[in-house]
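**Student:** Provided below are the primary sequence and the corresponding predicted coordinates.
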Amino acid sequence: MPAPLPPTPANDGLPAKLSWRQALRVYREPASLRMLSLGFSAGLPLLLVFGTLSFWLREAGIDRTTIGFLSWVGLAYGFKWVWSPLVDRLPIPLLTRALGRRRSWLLASQAVIIAALVCMALTDPQVALAPMVWCAVAVAVASATQDIALDAFRIESADVEHQAALAATYQTGYRLAMIWAGAGALWIAARAEAPASLAGAAAPYQHGPWQTAYLVMALSMLPGVLTVLLSSEPVPAPVAHARNVREWLRGALVAPFADFLGRYGWHAALILGLIATYRISDVVMGIMANPFYVDMGFSKDEVAAVTKVFGVVMTLLGAFVGGVLSLRMGVMRVLMLGAVLSAASNLLFAWLSTRGHDVTALIWVVSADNLAGGIASSAFIAYLSSLTNVQYSATQYALLSSMMLLLPKLVAGFSGKYVDAFGYNDFFTATALLGLPVLILVALAARAQARGPGRQL
């Protein structure tokens, strides 16, 4: 890895401005390539308990209000900071000795994800919805645990100057997995349908095709398992050994939060407010996206091709652009750009709701929305990474990334009731308006960064 250049005050504490060639070269480094594969492992479970699952449930006849409330399964991601100190400090018997602290937790969480996805595949929501919910909870908790360990693995694998590039390659792998978990799962389910239903204008619900799709998704976690086994454990920050349980709890639970508050002081409230709301418009809107496609009459193949391929390719482009722009312009400027684009793109869905079954319009809207989301995500991950102390990387990053999802997921649980009461057009417009306070918070955070001597926000 090339030696970092000294930071300058003009670019948010990043290295002196790099040439385009220097900025692009970082994507060929080993740490970036590892994050591509591990990002795939992290991105695969998400849609399988959210977007793809909501499509499955809506096709099975589950009402929108119930689907909205089931999105609260995602609160596991919002509360992962509760058990992140365990992932940060607690060894897994035998496994940690063999693989190291980060890789042992990664492998254990991946094993649970695979088992829970198999259980989901074997459950028919029309017959028994409760077991499906518990399986989805298991996937979400294990996936959140994988995220904790993976975020720490990423942060400890490179210096601050390279975190934007790692975030971009992580997002690339993540979004490739979302193509597979979204478009791939829908495509497999469509191909596995009985021939009679394929010939009909309105195919009746079948459980078998979804079972096949989710079993394939479970097998698709294996590349991530191999990457963990073949990767080397990053060198952790030195941690003092606790002499008793009380001292261990203080170091694992209290110290990471005290360190964060001590470093940022009153700025911490502003930072946490920004983190808690930055992705709210996207998260709330996303819960009803697949039920919207089903209700608008789009087929599995159309949704797979447009929203899970065209859209995700645009997200990859956005993540790449966001990573490069962050290196050249600074994270805060790109953070503002992402916030503006993300809120504005939701208005396009309001327009789409007036178009009926219009595949061309769907392509343009989904592509624009995902381009905006990719730029925002890449800058936001780099921003979160810059806030952590490497000594408490897993705990602090888990806290910050959990804050990103907690409020949005709580609000998103009521999205189905809102759509039932006011319709899709008003819903998408309302989600765009949710993004307006974020612009103010980004501006305040940028000003606080510029005025706060000795604080790197």
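**Tutor:** Received, thanks. Every value quoted in this text rests on a predicted model; they were computed, and no experiment measured them. Numbers count the residues shown, from 1 in each chain.
**Student:** can you list the weak-confidence ranges in this structure?
**Tutor:** 1-32, 158-165, 195-203, 235-253, 308, 390-395, 398, 451-457 (pLDDT under 70).
**Student:** Centre-most residue in it?
**Tutor:** With distances taken as CA atoms, centre = their mean, G43 lies nearest the centre of the chain, 6.8 Å away.
**Student:** Does it touch L176 like I think?
**Tutor:** Yes: applying CB atoms under 8 Å, one finds G43 in contact with L176, separated by 7.2 Å. (C-beta placed from N, C-alpha, C; glycine too.)
**Student:** in the helix or strand where the residue nearest to the centre of the chain lies, what's buried?
**Tutor:** For G43, the enclosing helix or strand under DSSP states H and E is helix 30-48. Going by neighbour count (16 or more other CB atoms under 10 Å), the buried part of helix 30-48 is 31-32, 34-48.
**Student:** repeat for stretch 89-99
**Tutor:** By neighbour count on 16+ other CB under 10 Å, the buried set for stretch 89-99 is 89, 92, 96, 99.
**Student:** what separates the first one from D147, distance-wise?
**Tutor:** This points to R89. Going from R89 to D147 by CB to CB, to the nearest Å gives 17 Å.
**Student:** same check, this time on the third one
**Tutor:** T96 sits at a distance of 18 Å from D147 (criterion: CB to CB).
**Student:** same thing with the second one?
**Tutor:** Taking CB to CB as the measure, I92 falls 17 Å from D147.
**Student:** Ok, the last one next?
**Tutor:** The spacing between L99 and D147, counted by CB to CB, is 18 Å.
**Student:** So which residues of the stretch 351-457 of the chain form helices?
**Tutor:** 359-387, 393-412, 415-422, 424-433, 436-451 (DSSP state H, counting those that start in this stretch).
**Student:** Wait, G224 touches G39, no?
**Tutor:** No: using CB under 8 Å, G224 is not in contact with G39; the gap is 9.2 Å.
**Student:** Tell me the residues that contact both of those two, please.
**Tutor:** By CB atoms under 8 Å, 6 or more residues apart in numbering, G224 and G39 have no common neighbours.
**Student:** Leaving out sequence neighbours, find the closest residue to D147.
**Tutor:** Spatial nearest neighbour of D147, chain neighbours left out: A42 (5.9 Å); criterion: CB to CB, 6 or more residues apart in numbering.
**Student:** correct me, but that neighbour touches R175?
**Tutor:** No: contact criterion CB under 8 Å: A42 and R175 do not qualify, at 10.7 Å.
**Student:** dump the residue contacts of W351.
**Tutor:** Residues near W351 by CB under 8 Å, 6+ apart: 361, 365.
**Student:** Please report the distance of it from M35.
**Tutor:** 36 Å.
**Student:** Including distance to G78 and mean neighbour count, could the helices of the stretch 351-457 of the chain go into TSV?
**Tutor:** Formatted as TSV, the helices of the stretch 351-457 of the chain follow (distance: least, CB to CB, whole Å; neighbours: other CB atoms under 10 Å):
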stretch	distance to G78	mean neighbour count
helix 359-387	14	23
helix 393-412	3	23
helix 415-422	16	18
helix 424-433	18	19
helix 436-451	17	16
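**Student:** and of those helices, who's closest to V112?
**Tutor:** For these, proximity to V112 was assessed by CB to CB; helix 393-412 is nearest, at 17.2 Å.
**Student:** That closest one vs helix 359-387, what angle?
**Tutor:** Per axes from the mean of the first three to the mean of the last three CA atoms, to 10 degrees, the angle that helix 393-412 makes with helix 359-387 is 140 degrees.
**Student:** Can you tell me the closest non-neighbouring residue to L272?
**Tutor:** M403 (5.7 Å).
**Student:** pretty sure that neighbour contacts L274?
**Tutor:** No: the criterion here is CB under 8 Å, and M403 misses it with L274 at 9.3 Å.
**Student:** any shared contact partners between these two?
**Tutor:** In contact with both M403 and L274: no residue, using CB under 8 Å, 6+ apart.
**Student:** Output the one helix or strand A344 maps to as CSV, restricted to C-alpha atoms.
**Tutor:** Following DSSP H and E, one finds A344 within helix 331-352. Output in CSV follows, covering the C-alpha atoms of helix 331-352 (Å, rounded to 0.1, in the frame of the first residue of the first chain):
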residue,chain,number,x,y,z
VAL,A,331,-16.2,13.4,2.1
MET,A,332,-18.4,16.2,3.4
ARG,A,333,-19.0,17.7,0.0
VAL,A,334,-20.0,14.3,-1.5
LEU,A,335,-22.1,13.6,1.6
MET,A,336,-24.2,16.8,0.8
LEU,A,337,-24.4,15.8,-2.9
GLY,A,338,-25.7,12.3,-1.9
ALA,A,339,-28.3,13.7,0.5
VAL,A,340,-29.7,16.1,-2.2
LEU,A,341,-29.8,13.4,-4.9
SER,A,342,-31.3,10.7,-2.6
ALA,A,343,-34.2,12.9,-1.5
ALA,A,344,-34.9,14.2,-5.0
SER,A,345,-34.9,10.8,-6.6
ASN,A,346,-37.9,9.7,-4.4
LEU,A,347,-40.0,12.2,-6.3
LEU,A,348,-39.4,10.2,-9.4
PHE,A,349,-41.2,7.2,-7.8
ALA,A,350,-44.2,9.5,-7.1
TRP,A,351,-44.3,10.3,-10.9
LEU,A,352,-43.9,6.6,-11.7
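**Student:** Identify each buried residue in that helix, please.
**Tutor:** Buried residues in helix 331-352 (16+ other CB under 10 Å): 331-343, 345-350, 352.
**Student:** quick one: contacts for R279?
**Tutor:** By CB under 8 Å, 6+ apart, the contact set of R279 is 342, 376-377, 380, 404-405, 408.
**Student:** mind putting those residues in TSV, distance to A121 included?
**Tutor:** Converted to TSV, the contacts of R279 look like this (distance: CB to CB, whole Å):
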residue	distance to A121
S342	33
A376	33
S377	29
F380	33
M404	29
L405	26
P408	28
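**Student:** Let me know the closest of these to D358.
**Tutor:** Of the contacts of R279, the one sitting nearest to D358 (CB to CB) turns out to be S342, at 22.8 Å.
**Student:** residues in contact with that closest one?
**Tutor:** 279, 281-282, 372-373, 376, 435.
**Student:** go again using 7 Å as the cut-off
**Tutor:** By CB atoms under 7 Å, 6 or more residues apart in numbering, S342 lies in contact with 281-282, 372-373, 376, 435.
**Student:** Hmm, M336 is touching V442, no?
**Tutor:** Yes: counting by CB atoms under 7 Å, M336 does reach V442; the two are 4.8 Å apart.
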